[in-house]
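K.L.:
I'd like to go over a predicted model; first the sequence, then the structure.
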Amino acid sequence: MNGESAFIHALRAIATDPAARRLADDAAVLQIGGEALVLTMDTVVEGIHYLPDDPPGDVAWKLVAVNVSDLSAKGAVPVGCLYSHALGDTAWDTAFLAGLDEACRRFAISLLGGDTVRMPRDAPRSFSLTALGTGTRGSPVPSRTAVQPGDRVWVSGTIGDAGLGLKAALGELHGDPSAVAALLARYRRPAPEPRLGAALAPLVHAMMDVSDGLLVDAARMAEASATAITLDVGSVPLSSAFVSMAGEAVETRLTAMAAGDDYELLFTAPPRHTNAICRAAGALGLQVTAIGAVASGAGLSLLQDGIPMPLPEKLGYQH
């Protein structure tokens with residue numbers, strides 16, 4: 001158990017309300033008058049979640065997007081948010097607010113309030129946002145703990161783009177300018193789609209977003225549900241920009257699966273819902289791909305061309 005996992009385990013002794021879901025999920029769920037209020041909070045820290053020279057408008061966008069991604073993974077419609085701002089350079093803060101306004105409009109989430117603080121000079125800045133959403137009426141709010149043996153494993157969109165986008169931001173990716181720009185945009189401005197989460201909620205057993213890497217998040221889902229998840233490496237969807245820059249060899253695919261910052265949906269559902277899942281995504285012009293299966297047992301395993309292969313040493317980002 002790493003330091004973050006041990007700390008969260010200790011917090012469970014305090015977070016005993018059923019709404020906390022034993023801190024085994026990405027959001028809290030409060031039942032109020034027959035409605036499910038979904039609450040989530042994320043923080044971005046300079047030098048950890050964004051680079052010091054990332055455009056401030058993009059930092060604000062990402063702050064909103066990562067929280068909206070958590071709401072989407074619970075099938076929740078964004079309602080409002082509160083955020084904490086670490087004050088700094090006036091021009092930087094002004095550009096940040098422009099990006100915040102743009103993101104709130106894009107994701108239809110209202111800014112309701114928050115807090116401002118002054119950081120010590122030259123200290124890395126951090127920004128926190130709490131997002132609120134309403135669950136899909138008539139459907140349970142999906143968790144990561146309800147995976148069932150026999151389920152198929154699915155992922156939305158494409159995987160690994162943000163990992164290459166980070167390399168682009170660091171000046172380490174060179175090649176087709178349009179591909180580099182597309183990958184950089186995936187890193188700086190993730191675009192979760194809450195309508196997809198809401199459409200999938202009645203069809204899935206479990207759902208979470210891919211934030212720290214497909215491999216580590218699938219492993220967390222398997223652990224939370226006490227099931228065995230097997231992923232088919234060759235089935236994991238890659239974008240044309242990714243393939244043009246990095247190819248699609250097995251080693252490259254594994255790197256993509258561990259990269260993180262994708263903010264796509266990882267979910268499991270019974271095979272009988274396959275057609276409905278494809279229709280729901282297609283109606284929104286979005287892509288979903290079946291990438292694995294669930295069985296009784298424990299842990300994460302990988303297949304390549306039907307042959308078991310070892311897990312890489314690094315599954316994804318961990319604090």
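P.N.:
Structure's in. What do you need?
K.L.:
distance between the ends of stretch 44-52?
P.N.:
Terminal residues of stretch 44-52 lie 12 Å apart, using C-alpha to C-alpha, to the nearest Å.
K.L.:
who touches it?
P.N.:
T43, D58, V59, K62, L63, V66, P124, R125, S126, F127, A169, L170 (C-beta atoms under 8 Å, 6 or more residues apart in numbering). For the C-beta atoms, the positions are set from N, CA and C on the backbone; glycine is no exception.
K.L.:
with stretch 131-140 instead?
P.N.:
Taking C-beta under 8 Å, 6+ apart as the rule, stretch 131-140 contacts 29, 35-41, 64, 67-68, 70-71, 74-81, 109, 141, 194, 198, 201-202.
K.L.:
the residues you listed in strands, which ones?
P.N.:
Among the contacts of stretch 131-140, the ones falling in strands (DSSP state E) are 29, 35-41, 77-81.
K.L.:
make CSV out of these and add neighbour count and pLDDT.
P.N.:
Below are the ones in strands among the contacts of stretch 131-140 laid out as CSV (neighbours: other C-beta atoms under 10 Å; pLDDT from 0 to 100):
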residue, neighbour count, pLDDT
V29, 20, 89
E35, 10, 86
A36, 20, 89
L37, 19, 92
V38, 27, 94
L39, 19, 94
T40, 25, 95
M41, 17, 94
V77, 18, 94
P78, 22, 96
V79, 16, 95
G80, 14, 97
C81, 27, 97
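K.L.:
right, and the pair among those residues with maximum separation?
P.N.:
Spatial extent of these (C-beta to C-beta) is set by the pair E35 and M41 at 19.8 Å.
K.L.:
the residue lying closest to L71 once chain neighbours are set aside is in what secondary structure piece?
P.N.:
Among residues not flanking L71 along the chain, G133 sits closest, at 4.0 Å (C-beta to C-beta, 6 or more residues apart in numbering). G133 is part of strand 126-134, with elements assigned from DSSP states H and E.
K.L.:
in the following helix or strand past that strand, which residues are buried?
P.N.:
Counting by DSSP H and E, the next helix or strand C-terminal to strand 126-134 is strand 152-156. Residues R152, V153, W154, V155, S156 are the ones in strand 152-156 that count as buried (16 or more other C-beta atoms under 10 Å).
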